[in-house]
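# Make a model of this:
(one chain, ligands or ions: 1)
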Amino acid sequence: MLQGTNLIKDFRVRLGLFRGNANLRAVDNVSIAIQPGETVALVGESGSGKSTLGRMLLGLIPQTSGALSYRGTDFSQLQGDAQRQFRADVQAVFQDTSASLNPRRRIGDNVESPLIFNRRLSAQQARSESAQLLERVGLDPKTFASRFPHQLSGGQRQRVGLARALASQPKFIVADEPVSALDVSVRAQILKLMQELQAQDQLAYLFITHDLGVARLIAKRVMVMYLGAVVEEGNAADVFARPAHPYTHALTLAAPVPDPARARPARHLMGDIPSPLAPPTGCRFHPRCPYAQAICKTEVPPVREFENGHRSACHFAEQVRAG
Ligand code: SF4
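Purely as a prediction, here's the structure:
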């Protein structure tokens with residue numbers, strides 16, 4: 001349904017008065033394909049390029065190079081009706097609902113506006129459909145439609161964000177850390193709601209998260225990003241059970257487990273994520289990698305495939321998989 005091939009995104013950044021500009025590569029040669037009705041989780045630490053990739057897939061920022069297509073049509077060819085259809089089909093839900101909800105408008109008006117502007121419904125039709133959408137996301141329209149966003153809890157605002165995204169009858173939603181700001185019980189409710197909506201409407205999700213527990217719960221397929229590149233991808237169950245990249249391995253060990261008795265000793269990542277302005281040579285992960293050897297400092301590891309389309313970019317993937 002939506003495909004990106006060899007995507008690169010560079011930003012020019014100003015270093016300071018006398019230091020000139022530099023090139024920051026936020027996304028480095030990433031290929032991604034989203035099928036109808038599937039959930040792909042994009043995981044990694046802050047600064048790994050997940051949100052930049054999500055924004056490119058939404059058409060919010062252009063790629064520096066590489067190709068993006070929606071239902072077989074290149075993004076650059078999406079014009080007129082095709083572009084309007086793309087804008088309706090592809091929606092976003094963000095962690096910060098203030099990015100999608102107008103704080104000066106009541107909840108009912110916030111949900112009605114895409115119905116009026118994207119679907120061209122009359123004001124009366126929009127009001128009735130907005131009430132149905134609020135009900136679908138578990139909010140009583142009689143209670144909530146007249147309130148302002150600041151009068152709602154974080155979980156309720158995220159439900160409104162979902163209702164607003166659903167107003168355009170989307171096929172694909174980029175959900176960028178949608179539950180990160182919520183407490184654990186509300187987080188579980190929102191994830192369950194998203195799964196129910198997906199089953200009802202055959203929605204596809206790109207679920208961007210730094211939380212492996214969330215990715216494990218919601219996604220069938222996972223892509224792990226580090227410093228702008230995908231270092232591992234595959235079926236989520238395979239990747240989490242037998243990671244083939246030390247970065248994924250470290251993330252899985254650091255993730256909390258429900259039963260403390262079954263917790264494995266966490267091998268924390270060494271140091272912080274390096275600056276993308278001066279990425280390390282060879283394997284970008286080598287300064288932090290407990291498996292690193294001399295070759296890792298000089299040679300970029302090729303992407304290799306194991307069973308079920310499980311891919312990893314590591315010279316020593318077999319040893320990592322073997323634990
Ligand atoms: Fe670690 Fe080397 Fe594999 Fe990179 S290639 S992840 S440094 S073992």
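
# rest of the way, CA atoms for contacts and neighbours
OK.

# ranges for the strands of the stretch 201-323 of the chain?
Under the criterion DSSP state E, counting those that start in this stretch, the stretch 201-323 of the chain contains strands at 204-209, 221-226, 229-235, 303-305, 311-313.

# Nearest to the ligand among the ones you listed would be which one?
strand 311-313 (6.8 Å; C-alpha to the nearest ligand atom).

# strand partners of the closest one, parallel vs antiparallel please.
strand 229-235 (antiparallel), strand 303-305 (antiparallel) (DSSP bridges).

# could the strands of the stretch 201-323 of the chain go into CSV alongside mean neighbour count and mean pLDDT?
Listed next are the strands of the stretch 201-323 of the chain as CSV, based on neighbours: other C-alpha atoms under 10 Å; pLDDT from 0 to 100:
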stretch, mean neighbour count, mean pLDDT
strand 204-209, 24, 96
strand 221-226, 25, 97
strand 229-235, 24, 96
strand 303-305, 15, 93
strand 311-313, 24, 96
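
# Could you dump those into CSV with distance to the ligand added?
Shown next, in CSV, are the strands of the stretch 201-323 of the chain (distance: least, C-alpha to the nearest ligand atom, whole Å):
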stretch, distance to the ligand
strand 204-209, 21
strand 221-226, 10
strand 229-235, 8
strand 303-305, 10
strand 311-313, 7
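
# Any idea which of those strands gets closest to Asp272?
strand 221-226 (11.7 Å; C-alpha to C-alpha).

# Just the C-alphas of the closest one, formatted as PDB.
Taking C-alpha atoms only, strand 221-226 is exported to PDB below (Å, rounded to 0.1, in the frame of the first residue of the first chain):
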ATOM      1  CA  ARG A 221       6.500  -6.800  12.200                       C
ATOM      2  CA  VAL A 222       9.300  -4.700  13.700                       C
ATOM      3  CA  MET A 223      12.000  -2.500  12.400                       C
ATOM      4  CA  VAL A 224      14.800  -1.400  14.700                       C
ATOM      5  CA  MET A 225      16.500   1.900  13.900                       C
ATOM      6  CA  TYR A 226      19.900   3.200  15.100                       C
END
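
# angle of it against strand 229-235?
160 degrees (axes from the mean of the first three to the mean of the last three C-alpha atoms, to 10 degrees).

# tell me which element Ile173 is part of?
Applying DSSP states H and E as the criterion places Ile173 in strand 172-176.

# where in the protein is pLDDT low?
255-269 (pLDDT under 70).

# How about the contacts made by the one residue in the stretch 1-150 of the chain that gets nearest to the ligand?
Residue of the stretch 1-150 of the chain nearest the ligand, by C-alpha to the nearest ligand atom: Gly44 (14.2 Å). Contact analysis of Gly44 by C-alpha atoms under 8 Å, 6 or more residues apart in numbering lists 50, 209-210, 224-226.

# one more time with 7 Å, if that's ok
210, 224-226 (C-alpha atoms under 7 Å, 6 or more residues apart in numbering).

# re the thing from before, reformat the strands paired with strand 311-313 as CSV; add distance to Asp89.
Shown next, in CSV, are the strands paired with strand 311-313 (distance: least, C-alpha to C-alpha, whole Å):
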stretch, distance to Asp89
strand 229-235, 25
strand 303-305, 32
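
# How about the residues of this protein by the ligand?
245-246, 283, 285-286, 289, 291-292, 296, 301, 314-316 (C-alpha under 6 Å from any ligand atom).
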